[in-house]
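S.K.: no sequence for this one, just the structure:
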Ligand SMILES: Cc1cc2nc3c(=O)[nH]c(=O)nc-3n(C[C@H](O)[C@H](O)[C@H](O)COP(=O)(O)OP(=O)(O)OC[C@H]3O[C@@H](n4cnc5c(N)ncnc54)[C@H](O)[C@@H]3O)c2cc1C
């Protein structure tokens, strides 16, 4: 394989890596993915807002549509939603593969290949002259590129010096860590089972806040249509055992799931909090690797797709115009402008939620019910930008004008 022809190498063939590659329109891009197939293993509940679906480019794989949610606290339930379809449930394996197929019109893939960052600490790229053609060498020397890649593929190891390296390598981003980027964020662990034989209203998801089952996040039951559902939770520790406890003992969940038979189990990590640095020299981080995830719901597909497009566009401009390496920092400014405030709000609100015990969560839902706020939530609620409605609801709850 002629690795030298690639201007950009993206580590991670998830949806965000693929969309980033798709938007580097005029240059040679390689996506390196450690697994032998795109989209597996599953690490997602697959719930995507209507806006999110558009941002992802309307991929295949939707199996159900969602009109709202039952929000449960320990003692109360609020049903939000009406006739309007607000979100879709996806088969992630189908979605990811479809996005990859779309991207493959512009990028190449190397599957079953593991990427590691290598650092050219002393700017010694010129010593590797024999590995690089003259133009590439000149570009790298001029721009002072610091990062290259070592790729393990089958039994071979290759060293690559692309003009830009992109880490789209998910929540634990070894690429970001290797560059010494501080990974100052919370990582929750998720566990989920797909079950069949579930007696559930197909149009509404269930979200459960109950600290006796899950301390730091929430549980969900997401109908997939035709008596299938995904049941899961994220929490800071011991998530698998907590999920089993929830399925077997939670009064509402155990009733919904009483005949359920598991057909797929998955685990995954969820980053809560964005990184302070997402561009360092010729390295950029995007998607979960950069923490571009909604802190209140854990949804990363909408924000990830948005930021992937920004990242792809900036890299394309950088390469097309032979700009200084600092131009890449524009990506960071632009993505923060787009979703930074919403993530920051989510983080602040999450710290309030973490401090609320079950009694206070009950009081909040009771307040919503007593004050007939459901219609207002239906009208103003936006699962991608919850800050407006949550700020207002909480001000009312706390009696602040
Ligand atoms: C339990 C759970 C439920 C979730 N539910 C939802 C939901 O309902 N809706 C939603 O919007 N979001 C959800 N998310 C978040 C969503 O899954 C992520 O935000 C999304 O997958 C991020 O895409 P990505 O491409 O950035 O990363 P990923 O999808 O994680 O892709 C990263 C890819 O990089 C590859 N990789 C990693 N390291 C290397 C390496 N060194 N070399 C080569 N390849 C490498 C991995 O194999 C992987 O394919 C959920 C997450 C969890 C954990």
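M.R.: On my side now, so go ahead. Treat the numbers as computed from the prediction; the structure is a model and nothing was measured. Residues are numbered from 1 along each chain as shown.
S.K.: And the pLDDT at residue 128?
M.R.: pLDDT for residue 128: 51.
S.K.: So which bits of the single longest helix found in the chain are buried?
M.R.: In the chain, assigned by DSSP state H, the helix with the most residues is helix 301-321. In terms of neighbour count (16 or more other Cβ atoms under 10 Å), helix 301-321 has its buried residues at 301-319. C-betas here are computed from N, CA, C, even on glycine.
S.K.: next one: stretch 145-153
M.R.: For stretch 145-153, burial by neighbour count (16+ other Cβ under 10 Å) applies to 145-149, 151, 153.
S.K.: ok, those vs the ligand, which is closest?
M.R.: residue 151 (8.1 Å; Cβ to the nearest ligand atom).
S.K.: related to what we said a few turns ago, same list, the buried residues of helix 301-321, but only the ones touching the ligand.
M.R.: Among the buried residues of helix 301-321, the residues that sit close to the ligand (Cβ under 6 Å from any ligand atom) are 301-302, 304.
S.K.: now, which of those sits nearest residue 30?
M.R.: Each of these was checked against residue 30 using Cβ to Cβ; the closest is residue 304, at 19.8 Å.
S.K.: Assess the claim that the closest one and residue 287 are in contact.
M.R.: Yes: using Cβ atoms under 8 Å, residue 304 is in contact with residue 287, at 4.0 Å.
S.K.: Can you work out which residues contact both of the two?
M.R.: Here residue 304 and residue 287 have 15-16 as joint contacts, going by Cβ atoms under 8 Å, 6 or more residues apart in numbering.
S.K.: burial of the residue in the stretch 151-300 of the chain that the ligand sits nearest to, as a residue count?
M.R.: Proximity of the stretch 151-300 of the chain to the ligand (Cβ to the nearest ligand atom) peaks at residue 300, 1.8 Å away. Residue 300 has 24 neighbours, counted by other Cβ atoms under 10 Å.
S.K.: ok, now residue 344?
M.R.: Using other Cβ under 10 Å, residue 344 has 15 other residues around it.
S.K.: The one 4 residues further on too?
M.R.: If you count neighbours by other Cβ under 10 Å, residue 348 ends up with 12.
S.K.: Over to the one 4 residues further on?
M.R.: When neighbours are counted by other Cβ under 10 Å, residue 352 registers 11.
S.K.: quick one: secondary structure of it?
M.R.: helix (DSSP: H, G, I helix; E, B strand; the rest coil).
S.K.: on that earlier part again, go through the ones next to the ligand among the buried residues of helix 301-321 and say which is closest to the ligand.
M.R.: For those, the nearest to the ligand is residue 301 (3.3 Å; Cβ to the nearest ligand atom).
S.K.: contacting residues for that closest one?
M.R.: By Cβ under 8 Å, 6+ apart, residue 301 lies in contact with 15, 44, 48, 52, 55-56.
S.K.: With residue 120 instead?
M.R.: 145-148, 161.
S.K.: Which ones among the buried residues of stretch 145-153 map onto strands?
M.R.: If you go by DSSP state E, those have 147-149, 151, 153 in strands.
S.K.: Most widely separated two among the residues you listed?
M.R.: Counting by Cβ to Cβ, the most remote pair of those is 147 and 153, 18.9 Å apart.
S.K.: ok, which stretches of the stretch 201-350 of the chain are helices?
M.R.: Under the criterion DSSP state H, counting those that start in this stretch, the stretch 201-350 of the chain carries helices at the ranges 239-249, 251-256, 301-321, 329-335, 341-355.
S.K.: Need these in TSV (columns: mean pLDDT).
M.R.: Compiled in TSV, the helices of the stretch 201-350 of the chain are given as follows (pLDDT from 0 to 100):
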stretch	mean pLDDT
helix 239-249	97
helix 251-256	96
helix 301-321	97
helix 329-335	98
helix 341-355	93
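S.K.: Of all those helices, which one comes closest to residue 98?
M.R.: The nearest among these, by Cβ to Cβ, is helix 301-321 at 13.2 Å.
S.K.: Residue numbers of this structure in contact with the ligand?
M.R.: 11-17, 32-35, 43-48, 114-115, 168-170, 174, 190, 192, 232, 234, 268-270, 287-288, 293, 298-302, 304.
S.K.: Only the buried subset of the residues you listed, as a ChimeraX command please.
M.R.: Buried subset of the residues of the chain next to the ligand, written as a ChimeraX selection, criterion 16+ other Cβ under 10 Å:
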select :11,12,13,14,15,16,17,32,33,34,43,44,45,46,47,48,114,115,168,169,170,174,190,192,232,234,268,270,287,288,293,298,299,300,301,302,304
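S.K.: Okay, and which of the residues of the chain next to the ligand map to strands?
M.R.: When DSSP E is applied, the residues of the chain next to the ligand are split such that 11, 32-33, 47-48, 114-115, 190, 192, 232, 234, 268-270 fall in strands.
S.K.: what separates the closest residue to residue 193 other than its chain neighbours from residue 398, distance-wise?
M.R.: Sequence neighbours aside, residue 262 is the residue nearest to residue 193 in space, at 4.7 Å (criterion: Cβ to Cβ, 6 or more residues apart in numbering). Remark: distance between residue 262 and residue 398 (Cβ to Cβ, to the nearest Å) = 42 Å.
S.K.: Sketch out the low-pLDDT regions of this protein for me.
M.R.: Residue ranges of the chain with pLDDT under 70: 121-144, 401.
S.K.: Where do the domain boundaries of it fall?
M.R.: Here the chain is described, according to automatic domain parsing, as comprising the domains 3-41+95-184+273-348, 57-90+186-270, 355-398.
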